[in-house]
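Asker: Task: produce atomic coordinates for the following.
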Amino acid sequence: MAANDSLVLQIKTDKNFDDLRIGFYQASNPSGFKRMQSFAALNAARTMLKPMKQAAPRGDTTENPGKLQKNVKARGVRFNKPGAVVGIKGGRSGVFYGWFVVAGRGPVRRTNSGSVPVRPVAARPFVTDTVKRPGTIERAMEAFSATTEKFLNDGAFRATILKFRRGNQR
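Answerer: Predicted structure coming up:
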């Protein structure tokens with residue numbers, strides 16, 4: 001071999017081998033496996049965040065224009081883990097009117113004294129429209145797969161994810 005010759009060695013594994021490794025990891029450390037899947041789901045949800053913010057209506061709201069766009073968030077789920085949610089953050093710290101923009105309003109409003117005709121407002125379902133856009137789900141699945149692959153192949157990344165513990169776990 002000459003001085004500037006080099007040898008490149010690439011090892012590619014079969015998908016079935018990776019599935020087997022994931023199965024062994026799931027059986028040996030179920031809480032760590034669940035944590036990895038939650039992290040991967042959150043990364044997948046974050047891929048939808050930018051296009052969803054761009055699709056959000058930017059019309060004049062009361063005192064803060066663009067507040068709806070700023071309150072499109074991605075977060076992990078509270079129940080039925082692993083999973084993630086991306087959409088409008090409501091409540092006191094978010095925007096209370098997000099459901100109104102997405103769902104719209106019909107021509108009749110019910111009150112205690114009976115039905116009252118009101119001006120209908122058309123729905124603007126930008127959240128579901130963004131998800132249905134071609135390529136969005138594929139990008140999310142690629143992000144999920146990339147996170148899982150990095151978890152399996154990168155020891156430092158795996159240790160970082162596994163050190164996040166909640167509550168009184170040891």
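Asker: does Val86 count as helix, strand or coil?
Answerer: strand (DSSP: H, G, I helix; E, B strand; the rest coil).
Asker: Point to the residue nearest the middle of this structure.
Answerer: Nearest residue to the geometric centre of the chain (CA atoms, centre = their mean): Ala45, 1.6 Å.
Asker: Skipping its backbone neighbours, what lies nearest that one in space?
Answerer: Leaving out its chain neighbours, the residue that sits closest to Ala45 by CB to CB, 6 or more residues apart in numbering is Ala84, at 3.7 Å. All C-beta atoms are positioned from the backbone trio N, CA, C, and that covers glycine.
Asker: okay but that neighbour is in contact with Arg78, surely?
Answerer: No - using CB atoms under 8 Å, Ala84 is not in contact with Arg78; the gap is 11.2 Å.
Asker: Of these two, which one has the most company?
Answerer: Neighbour count, other CB atoms under 10 Å: between Ala84 and Arg78, Ala84 has more, with 21 against 8.
Asker: List the contacts of the more buried one.
Answerer: Ala84 makes contacts with Ser38, Ala41, Leu42, Ala44, Ala45, Ala74, Arg75, Gly76, Val77, as judged by CB atoms under 8 Å, 6 or more residues apart in numbering.
Asker: I'd assumed Gly76 was in contact with the third one.
Answerer: This points to Leu42. Yes - using CB under 8 Å, Leu42 is in contact with Gly76, at 5.4 Å.
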